[in-house]
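[1] Okay, predicted coordinates and the sequence, questions at the end:
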Amino acid sequence: MKPLIIYIALAIASAGFAPDARADWSEASVAYKCDPAGNLFALHGVVQANDEFFIPKKPGYSVISDEEPSSLHCNIGKARITAIIEVSPPREKGMCASQALYSIRKLEVNGKEIMGYQLFNNICSFSGSSLFGVEISTKGKNINIKTCAGKWDWKPEYDDSKCESKIISLDKQ
């Protein structure tokens, strides 16, 4: 009987010392910015957990719907950007069922597709990295497309994030 009491006391005492405790829930979303004056169209991941924003919406950005697809249009310089963002709302069953899942269905510049289907801000991804940022800007006759991918792991930034940029000429559009 004495060992059982000691075991219970130790279990209760150690319960408050769980260094790797995680939040009870998390929710990903997508924010966008159309800034013709700043020559920028951008998509960025947002993550909220336990009523706290781990990765908050950036100033000047708007959060898209978590229930229906969003068709976003933005004119920057001589480029017309069109982004179709699809959303699969939370479900009753399945892996990561409590999460809305976002994807870029297509991303176009002046009617030419520059990105096809791509999951976006998939914080439930067990495969590792997920696209969490896209920025499109123009300079003269060129479009700069910057994409960033990483993994969210209960921190205020994405782990192992890597960004890539490519330049496309508007003349070839």
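    Received the coordinates, thanks. Note that this is a predicted model, so its numbers are computed, not measured.

[2] contacts, neighbours, all on C-alpha from now
    Will do.

[3] what ranges do the strands span in this protein?
    26-35, 40-49, 52-55, 62-63, 70-76, 79-88, 101-109, 112-115, 118-120, 130-139, 142-152, 158-169 (DSSP state E).

[4] give me the number of residues near residue 32?
    Residues contacting residue 32 under the criterion other C-alpha atoms under 10 Å number 21.

[5] Sketch out the low-pLDDT regions of the protein for me.
    For the chain, the stretches flagged by pLDDT under 70 are 1-24, 51, 53, 125-127, 172-173.

[6] one more time with 80, if that's ok
    1-27, 49-53, 66-67, 89-91, 93-100, 123-128, 153-156, 158, 170-173 (pLDDT under 80).

[7] Residue 162 contacts residue 149, correct?
    Yes. Assessed by C-alpha atoms under 8 Å, residue 162 is found in contact with residue 149 at 5.5 Å.

[8] hang on, the earlier thing: can you redo the strands of the chain as CSV with distance to residue 94?
    Output for these, formatted as CSV (distance: least, C-alpha to C-alpha, whole Å):
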stretch, distance to residue 94
strand 26-35, 16
strand 40-49, 20
strand 52-55, 25
strand 62-63, 25
strand 70-76, 24
strand 79-88, 12
strand 101-109, 12
strand 112-115, 28
strand 118-120, 17
strand 130-139, 19
strand 142-152, 20
strand 158-169, 25
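
[9] Who has more neighbours out of residue 162 and residue 149?
    For residue 162 versus residue 149, neighbours defined as other C-alpha under 10 Å are more numerous around residue 149 (21 against 12).

[10] excluding its backbone neighbours, what's nearest that one?
    Spatial nearest neighbour of residue 149, excluding adjacent residues (C-alpha to C-alpha, 6 or more residues apart in numbering): residue 131 at 4.1 Å.

[11] try residue 99
    Among residues not flanking residue 99 along the chain, residue 90 sits closest, at 5.0 Å (C-alpha to C-alpha, 6+ apart).
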